[in-house]
Structure formats: C-alpha cells, structure tokens
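Student: show me the folded form of this:
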Amino acid sequence: MKKFVGVDLHKNLIVLCVMDQARKVLETRRFECRDTEVIAEFFAALGTFELVVEATASYEWFVQLVEPYADRVILAHPGKLRVIAESTRKTDKLDARVLAAFLALDMIPQAYRAGPRQRQHRRLVRQRHYLRRRITSVKNRLRHLLADYNADRRDLFSQEGRQAAAKIELLPADRFTFEMMFKELDFHDEQLGAVERELKAFAKKAPQREAEARKLLGTHPEVGPVTIEAFLAEVGDVRRFGSRKKVTAYVGLAPGVRESAGRGRELRITKCGSGLLRWALGQAAWRLVGKSARWRHIFEQIAKRRGKKKAIVAVTRRLLCVLVSMLTRGEPYRHVV
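Tutor: Sure, this is the predicted structure:
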C-alpha cells in the first residue's frame, strides 16, 4: 500500500502526517531536526511512500536525507498553497495533513529544485551581490561623515583622496569611526576580489551547455559578467520553462492582472522571483537605453504613454525575453539597424 507523507518543516522541528490513498490519516509524528538518525530510521521502515514538503529556506538537508527511501519527493510552492497560507486554523499538524491530502490527490503545485551546481553558483553570486551592497553602504557613510565637515571629495576612494582625507581635522569620535569604516571597506574589497576569483574558477569548470550559454549571453551589448552570472545562477536552463512568458513570470517581471465582470486592469509587476536578477537586468537595461539608439527609441515610445518607471520595466522585460530567445535558439545577439 502506497502512503503519502506531508511534512511541515521548521528550523528546529518537523511535523509529518501519513495518509493512504483514501486520505485516511495513518500516523502523525513529530521530530527534532537534530535527530537525523531517528528521522532516517522512521522513513526507512515506512515502506512505499511519496513525500511533499514546502520549499522553505532550509529544506535541502531534509530532502537529501529522505530521498533514498521515497518513491518521489515533491517540493510544494509555498506561494501557491493558499489553502494553508490563508487558513484561520493554522497549526503544524493541520498544515502537514493538508499537504498529505493534496499529495494523495496529486494536486500539489510544485516548486523548482535547483541542482547541486546551480545551488553552489547561486551561493557565490549572491555573496558577491551582498559584498557589493556592503561596499556601497560603507562608501555612502564615509561621504556623509565628511560632508558634515564640508570635506567630501569626488576622488575620496583613490589613493590620493584617502591621503588627503587622512589629514582632515576631525573630532576624536569621528576620526575613530572614519578609520574603522575604511578598514571595513578594505576588508569587503578583499572579500569581493576573492569571490570574483572563485566565480571565474567556477565558470572554468562549467559543463558544455552552461559554457555555451555563458558565451552566447556575452554577445548581447551591455550584458556583462554580473548580469550573465546572475541569469545563469537564478534561472538555470531555460529549456525547463517552455516559453518566454513563463520565464518572465518566474523572474517576477510579469505584470499582475485583476479582472472582474469581463473588465480587467494591469497591475504592477509581481516581483515574485529573484530580486538580484531583476536588479542586474534593470542595470543592463539602463545601459542599453543610454548607449543604443534602438533600445532608447523603444524606451522613449513607452515612456510617452506610461512614464519612465514603467518604460524601464518594459525594456527590462524585453531584454530578458531576448536573452531567453538567444539561449533557446542557440544564436548570438544580432544587431538590428
């Protein structure tokens, strides 16, 4: 008899519900996450079963633990399981039971599970993005401190600018903070360099399809290494989507729609995907608008009707679609006169 297991996974606790095909509850159990041996023994003795767990932030260790024993392990999309998210009676036991029931009915909205290489790629790309944000934050704080003395300068972070700033008379607390922030800036710069080197080494070990995708994306004007790495890390293989519209929705650049009585209106973009990728694509879109007459014309035509903010979002969405088409067809970017 095949069993269906719904798992409500938390940082320190697991609650699971076991059902049969008729959705009759056979067993409800609770485990501490640290008791991995006990968890493995339970699933090893369970027999034939399928399992579903929500794609929360820390599911990977659990999936790897139970995969050898399960016929199938499914990741449930948390945003699409509204029956749980909007429930007025929300408990761990009830959540696990609902998951098991949906699994028995084969109605689980599935989430994408990245492979080991893509997970490692994401980790490196996101760490680089974090360090860039920290560097920007420290630089802004340094400029703000010197602005209080009317001593900010454009070349502050050059060797000459740092030497000049060191001679400015600051109050003791400000001098102490100033020196600490420059040490923090140097530390983050050093870490960023290490991440950049690690990403280059990671790219050299890429399988053929990923190497070809990296090369193709590089033919698009104003799409540099930061955008390319963010795209490959967050989207992965575009073949799994089937259409550009699905990729756009996955990245969060698709506009929402509200319709009633046959009348609909377009809402803002959903922003449900990777914020890092949307940021990288947006930066590339602004560069294109500034340097390409064709892309600037597209931007200006939309801006006349919808405004500049919506126009740059539309250009970003179009850029994403072009990148997806290049990878789908295996063709480099073709310049249009």
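
Student: for residue 309, give its distance to residue 277.
Tutor: Counting by C-beta to C-beta, to the nearest Å, the gap between residue 309 and residue 277 amounts to 19 Å. No exception for glycine: its C-beta is placed from N, CA and C like everyone else's.

Student: of the two, who's got more company?
Tutor: residue 277 (23 against 10; other C-beta atoms under 10 Å).

Student: for that one, give its distance to residue 236.
Tutor: Relative to residue 236, and taking C-beta to C-beta, residue 277 is found at 11 Å.

Student: try residue 270
Tutor: Applying C-beta to C-beta to residue 270 and residue 236 gives a distance of 20 Å.

Student: ditto for residue 192
Tutor: From residue 192 to residue 236 the distance is 24 Å (C-beta to C-beta).

Student: one more: residue 207?
Tutor: Distance of residue 207 to residue 236, given as C-beta to C-beta: 12 Å.

Student: neighbour-wise, which of those two wins?
Tutor: Between residue 207 and residue 236, counted using other C-beta under 10 Å, the more crowded position is residue 236 (19 against 9).

Student: I figured the more buried one hits residue 114, correct?
Tutor: Yes: between residue 236 and residue 114 there is a contact at 6.4 Å, judged by C-beta atoms under 8 Å.

Student: anything in contact with each of the two?
Tutor: Common neighbours of residue 236 and residue 114, counting by C-beta atoms under 8 Å, 6 or more residues apart in numbering, are absent.

Student: in the stretch 151-300 of the chain, which segments are predicted with low confidence?
Tutor: Along the stretch 151-300 of the chain, segments meeting pLDDT under 70 span 256-266.

Student: what ranges does this structure have for its strands?
Tutor: Residue ranges of the strands in the chain, as given by DSSP state E, are 3-9, 13-19, 25-32, 49-54, 72-76, 255-260, 263-269.

Student: TSV please, covering the ones you listed and showing distance to residue 127 and mean neighbour count.
Tutor: Compiled in TSV, the strands of the chain are given as follows (distance: least, C-beta to C-beta, whole Å; neighbours: other C-beta atoms under 10 Å):
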stretch	distance to residue 127	mean neighbour count
strand 3-9	25	24
strand 13-19	29	21
strand 25-32	30	14
strand 49-54	25	22
strand 72-76	24	19
strand 255-260	31	10
strand 263-269	26	11
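
Student: could you find the closest non-adjacent residue to residue 115?
Tutor: residue 236 (7.8 Å; C-beta to C-beta, 6 or more residues apart in numbering).

Student: residue contacts, the one you found?
Tutor: 114, 115, 118.

Student: picking up where we left off before, reformat the strands of the chain into CSV and put distance to residue 298 next to each item.
Tutor: Output for the strands of the chain, formatted as CSV (distance: least, C-beta to C-beta, whole Å):
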stretch, distance to residue 298
strand 3-9, 45
strand 13-19, 51
strand 25-32, 55
strand 49-54, 40
strand 72-76, 37
strand 255-260, 17
strand 263-269, 17
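
Student: those: which one's closest to residue 199?
Tutor: Between residue 199 and these, the tightest spacing by C-beta to C-beta is seen for strand 72-76, at 26.7 Å.

Student: and the closest one, what does it pack onto?
Tutor: On a contact count with 3 or more C-beta pairs under 8 Å, 6 or more residues apart in numbering; DSSP states H and E, strand 72-76 meets strand 49-54, helix 60-66, helix 92-104.

Student: turn the ones you listed into TSV, including distance to residue 182 and mean pLDDT.
Tutor: Output for the helices and strands packed on strand 72-76, formatted as TSV (distance: least, C-beta to C-beta, whole Å; pLDDT from 0 to 100):
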stretch	distance to residue 182	mean pLDDT
strand 49-54	44	95
helix 60-66	38	95
helix 92-104	48	92
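
Student: just tell me which of those ends up closest to residue 134.
Tutor: Using C-beta to C-beta, the nearest of those to residue 134 is helix 60-66, at 25.7 Å.

Student: now do the buried residues in the closest one.
Tutor: Neighbour counts using 16 or more other C-beta atoms under 10 Å place 62, 63, 66 of helix 60-66 among the buried residues.

Student: looking at those, which is nearest residue 197?
Tutor: So of the buried residues of helix 60-66, ranked by how close each gets to residue 197 (C-beta to C-beta), first place is residue 63, at 31.0 Å.

Student: contacting residues around the closest residue in space to that closest one that isn't next to it in sequence?
Tutor: The shortest distance from residue 63 to any non-neighbouring residue, by C-beta to C-beta, 6+ apart, is to residue 73 (5.6 Å). Applying C-beta under 8 Å, 6+ apart to residue 73 gives the contacts 50, 51, 52, 53, 63, 66, 67.
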